[in-house]
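Engineer: Pasting a predicted model and its sequence here:
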Amino acid sequence: MARVHYREIEGRSRGFYLLLTILGIFIAAGLGAAWSMEHQGHHITGMTNRIVWGVPHVFAVFLIVAASGALNVASIASVFGRSLYKPLARLSGLLAVALLAGGLAVLVLDLGRPERLIVAMTHYNFKSIFAWNIFLYTGFFAIVALYLWTMFERRMNGHSARAGLAAFLWRLVLTTGTGSIFGFLVAREPLHSALLAPLFIVMSFSFGLAIFVLVLMAACSWTGRSLGEVVLNRLRTLLGVFVATVLYFVAVHHLTNLYIARQHDVERFFLWDGGIYPWIFWLGQILVGGVLPLALLFGARSRSAVAAAAVAVIAGGFAQVYVLIIGGQAYPQQLFPGKEVSSSFFDGVAASYAPSLPELALGVGGVALAAALTVVGLKVLPFLPAKA
Amino acid sequence: MNPERRQLLGWGAAAAAGLALAPGLRLVELAAARSPEKAASALQRWGLLIDVAKCADCDACVSACRDENGWTGHGRPATDVQWIRKVSLRDKHTGHAQTAPLMCQHCEHPPCVDVCPTGASFKRDDGIVLVDKHICIGCRYCVMACPYGARSFVHEPVSGQKPEVPRGMGTVESCTLCVHRVDRGQSPACVEACSQAMVFGDLNDSSSEIHRRLKSEPSTQLRADLALNTGVRYQGL
């Protein structure tokens, strides 16, 4: 195969600076929201003692899961030896780092005491999955940086496959860790399942690739680079397979619960009468995030259909993480089987939650940070091939 | 050896054994009543027994806890801190109604301690589960992990703190079993306010009322299926 030529984006047009300005405004709004939450307390958000993880966690988990998935294209090139994807591997690595940075920024700024981050870096309880994740996330930055270096530095190109394998294995462990944050919660009936770890891995494949496809199409289109049909068709099929796999895992998770009498109330809540959550599940997660992209990817053959499918996967992905995290807390914990329960803590009833402006601003700020890091990265280093 | 002499030797041996054992027994006694300067000891396991049949439809335990520990609300129950709450129960089939206090169950295997990334959630050797307010980063993972909804996140600035009960916005807190009182040899404030329905004591001490009653009367743990071995037990549920 001919040597691939990479080139920075020019990054001097009015559109480029306009994009950066808009992203900058969103980042500033996110920081402002975090500042008010820290000074006034979390009571200015929609979060309560029943819903302690709100929309910021939805954004953070989505971005972190997508980050590990965005690395897939690079993995396919160097781990599985598909040279067709090789020109896209650098962009894949950049997106992985940028998305993780955006997600972690949201997670950290949503802490009750973000200024104590140094405590989290110096005091460890190694039984905590959060503590493992601190190592998994920082390790991911380091390994992907190393991997990118082996791709950029010609002398190091020979080590790229090994670095890619390490990054691939690390990302599998990382997403297992993210899924296990929820899967190991024995006290939460809707979440407590070992299936959450592999579910999160396939979610990451799907969300990460959807973001990658969109960024690739936008970058090629805005900088006048050509994007070949062959590559795009491969990505289209791959995204379709990932979307279907997510649907499969979701189906297995719910079918397992439906088989277990103890879990019937959980399923009724999420699939039928749990207020807003069945709507978000069926319309957002299943229809928009599953059925629609499959129809677009395998039904239509246009480029805009691929882009629309990627947007639908991302929207459905947010819906899925929302149902999982917020719905998982809204469902009342069962303390007294066979009894109706009521209390000042709203025991026995679904917890209500409405996202507040500061929470949304913080979450969107994280997305803007990831996008800005990507845009700046594309300008300062040759991540993109001259033609893909 | 004549019988008198044998008896004398027997008494002598008993006296020697007594002298040898006495310091040991004395040590056990000292351990049971430790001074505040000494670290908590695993020889004890503090716990509560709540007799639901004797629990009246009042909130004396809640008020006593609030006064003792200084966690006043802001009239916003969804975000206000609650270290202890009264739950109203009604059997779905028979309609039998009951009411009971619910607070941190001081588990032997506390999920909140397992998940805490910094170790701020911890269990003392004597079984009391606490939050170290200095290293809690406010991640709320413990709130997610607690099966009893026993933990609250401090959503608003706090004022009027009690010197013995440090609190802070942006951290998580819950029932401390009135650890400051227990270390002085007193009972938790809720038990003092409601001695007819609540008993406090050392689950390991065979002479304590709580040990005696748990041995002779039926009792239950909330979510016993999770095998957390709670320090708080209920009767009559």
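Structural biologist: Right, received. Where do you want to start? Residues are numbered from 1 along each chain as shown, chains lettered A, B, ... in the order given.
Engineer: pretty sure A:Gly177 contacts A:Trp132?
Structural biologist: Yes: in terms of Cβ atoms under 8 Å, A:Gly177 counts as a neighbour of A:Trp132; the distance is 5.4 Å. Placement of C-beta: from N, CA and C, glycine included.
Engineer: following the lowest-mean-pLDDT helix or strand in chain B, which helix or strand comes up?
Structural biologist: Across the helices and strands of chain B, the lowest-confidence element by mean pLDDT, DSSP states H and E is helix B:3-32, at a mean of 59. Using DSSP states H and E, the next helix or strand after helix B:3-32 towards the C-terminus is strand B:46-51.
Engineer: average pLDDT for that following strand?
Structural biologist: If you average the pLDDT over strand B:46-51, you get 98.
Engineer: For it, which strands pair with it and how are they oriented?
Structural biologist: Note on strand B:46-51: by DSSP bridges, its sheet partners are strand B:198-202 (antiparallel), strand B:232-235 (parallel).
Engineer: B:Asp91 is nearest to which of those strands?
Structural biologist: Ranking the strands paired with strand B:46-51 by proximity to B:Asp91 (Cβ to Cβ) places strand B:232-235 first, at 15.1 Å.
Engineer: what secondary structure does the residue in chain B positioned nearest to chain A sit in?
Structural biologist: Chain B approaches chain A most closely through B:Gly138 (1.8 Å), counting by Cβ to the nearest Cβ. Judged by DSSP: H, G, I helix; E, B strand; the rest coil, the three-state class of B:Gly138 is coil.
Engineer: So what does it look like in phi/psi?
Structural biologist: The main-chain torsion angles of B:Gly138 are listed as degrees, to the nearest 10 and equal phi 80, psi 30.
Engineer: Nearest the middle, which residue of chain B would you pick?
Structural biologist: Closest residue to the average C-alpha location of chain B: B:Gly47 at 4.1 Å, with Cα atoms, centre = their mean.
Engineer: which residue sits closest to that one, ignoring its sequence neighbours?
Structural biologist: Excluding the flanking residues, the one nearest B:Gly47 by Cβ to Cβ, 6 or more residues apart in numbering or on different chains is B:Gly231, at 3.9 Å.
Engineer: For the one you found, the count of nearby residues, please.
Structural biologist: B:Gly231 is surrounded by 24 other residues when neighbours are defined as other Cβ atoms under 10 Å in any protein chain shown.
Engineer: how close does it get to B:Ala193?
Structural biologist: For B:Gly231, the distance to B:Ala193 (Cβ to Cβ, to the nearest Å) stands at 19 Å.
Engineer: ranges for the strands of chain B?
Structural biologist: Listed from the start of the chain, chain B has strands (DSSP state E) covering B:46-51, B:84-91, B:97-103, B:121-123, B:129-131, B:152-153, B:172-173, B:198-202, B:232-235.
Engineer: Need the residues that contact the last one.
Structural biologist: Same thing as strand B:232-235. Residues outside strand B:232-235 that contact it (Cβ atoms under 8 Å, 6 or more residues apart in numbering or on different chains): B:47-53, B:100, B:103-106, B:214, B:217-222.
Engineer: what about 10 Å?
Structural biologist: Under the contact criterion Cβ atoms under 10 Å, 6 or more residues apart in numbering or on different chains, strand B:232-235 has outside partners A:336, B:46-55, B:100-107, B:148, B:150, B:175, B:177, B:197-200, B:203, B:210, B:213-214, B:217-222, B:224.
Engineer: That strand: how far from the chain's middle?
Structural biologist: If you compare the mean C-alpha spot of strand B:232-235 with that of the full chain, they lie 11 Å apart, counting by Cα atoms, centre = their mean, to the nearest Å.
Engineer: Buried residues, that strand. List them.
Structural biologist: Neighbour counts using 16 or more other Cβ atoms under 10 Å in any protein chain shown place B:Val232, B:Arg233, B:Tyr234, B:Gln235 of strand B:232-235 among the buried residues.
Engineer: What is the neighbour count of A:His159?
Structural biologist: For A:His159, the tally of surrounding residues (other Cβ under 10 Å) stands at 16.
Engineer: ok, now B:Thr118?
Structural biologist: The number of residues packed around B:Thr118, counting by other Cβ under 10 Å, is 24.
Engineer: what's it in contact with, if anything?
Structural biologist: Contacts for B:Thr118 (Cβ under 10 Å, 6+ apart) come out as A:116, A:119-125, A:128, A:130-131, A:134, B:132, B:134-137, B:139.
Engineer: Can you tell me which of these are classed as buried?
Structural biologist: Applying 16+ other Cβ under 10 Å to those, the neighbour count classes A:116, A:119-120, A:123-125, A:128, A:130-131, A:134, B:135-137, B:139 as buried.
Engineer: out of the residues you listed, which one sits closest to A:Ala330?
Structural biologist: Using Cβ to Cβ, B:Cys139 is the member of these that sits closest to A:Ala330, with 19.6 Å.
Engineer: Spatially, what comes nearest to the closest one if we skip its sequence neighbours?
Structural biologist: In space, B:Cys139 is closest to A:Leu111, 5.7 Å off (Cβ to Cβ, 6+ apart).
Engineer: do A:Ile314 as well
Structural biologist: In space, not counting the residues next to it along the chain, A:Ile314 is nearest to A:Ala210; the distance is 5.2 Å by Cβ to Cβ, 6+ apart.
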